[in-house]
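Asker: generate a structure from the sequence data that follows.
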Amino acid sequence: MKSYFFIGAFFLLQTFAFGQATNGDQLLGVWEPSNGKARVKIEKIGEKYYGKIVWLKEPNDPNTGKPKVDKNNPDASLRTVPLKGYRMLKDFKVLGNNQWDSGTIYDPENGSTYKCIIKMTNSNTLDIRGYIGVEALGRTDVWKRLSTNK
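Answerer: Numbers count the residues shown, from 1 in each chain. Predicted coordinates for the structure are as follows:
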């Protein structure tokens, strides 16, 4: 009788652990911010989630014809880094309840990095909230899923 209990408990724990691991992976995929200017691919590296720019509506600088670079970066040495391929979401951890936190979001339009929390409102919609200090002092953008890449 005891062995059945332990076997059942083992499988229950395995199921719970597997559910926790895959729960965060629903974030994986290609997403488009509300302004439609870019597409961001969210990937998992180790236990954290990262997002990089994989598409730009206007990939080239209209003045030079060359690929757009991170011209607003506060670090002068990074101002020549192309925006396509730039990792703008960093270090997100699964919080649970379709939320990821402990990460940052970089805004290439103003060169600022913000603390960030991600909330999945449904399987194809994210609320991305960048903030300074406390979450209440921030701005939320709605991103739509374009594809999955699990």
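
Asker: check which residues of stretch 118-138 are buried.
Answerer: 118, 119, 120, 126, 128, 129, 130, 131, 138 (16 or more other Cβ atoms under 10 Å). (C-beta placed from N, C-alpha, C; glycine too.)

Asker: ok, now stretch 50-61?
Answerer: Result for stretch 50-61 [16+ other Cβ under 10 Å]: buried residues 50, 51, 52, 53, 56.

Asker: residue contacts, the third one?
Answerer: Think residue 52. 40, 41, 43, 85, 86, 87, 88, 89 (Cβ atoms under 8 Å, 6 or more residues apart in numbering).

Asker: could I get the residues you listed as a markdown table with pLDDT?
Answerer: Compiled in a markdown table, the contacts of residue 52 are given as follows (pLDDT from 0 to 100):
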| residue | pLDDT |
| --- | --- |
| 40 | 98 |
| 41 | 98 |
| 43 | 97 |
| 85 | 96 |
| 86 | 96 |
| 87 | 97 |
| 88 | 97 |
| 89 | 98 |
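
Asker: of these, grab the buried ones for ChimeraX.
Answerer: The ChimeraX selection below is limited to those of these classed as buried (16+ other Cβ under 10 Å):
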select :40,41,86,88,89
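
Asker: can I get the contacts of residue 52 in JSON lines including secondary structure and distance to residue 67?
Answerer: Formatted as JSON lines, those follow (DSSP: H, G, I helix; E, B strand; the rest coil; distance: Cβ to Cβ, whole Å):
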{"residue": "40", "secondary structure": "strand", "distance to residue 67": "17"}
{"residue": "41", "secondary structure": "strand", "distance to residue 67": "17"}
{"residue": "43", "secondary structure": "strand", "distance to residue 67": "21"}
{"residue": "85", "secondary structure": "coil", "distance to residue 67": "10"}
{"residue": "86", "secondary structure": "coil", "distance to residue 67": "11"}
{"residue": "87", "secondary structure": "strand", "distance to residue 67": "16"}
{"residue": "88", "secondary structure": "strand", "distance to residue 67": "16"}
{"residue": "89", "secondary structure": "strand", "distance to residue 67": "20"}
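
Asker: relative to residue 61, which of the contacts of residue 52 is nearest.
Answerer: In terms of Cβ to Cβ, no member of the contacts of residue 52 lies closer to residue 61 than residue 86, at 14.7 Å.

Asker: immediately after the helix or strand of the chain with the lowest mean pLDDT, which helix or strand?
Answerer: Sorted by mean pLDDT, DSSP states H and E, the helices and strands of the chain end with helix 2-25, the least confident at a mean of 46. Next in sequence after helix 2-25, counting helices and strands by DSSP states H and E, comes strand 29-32.
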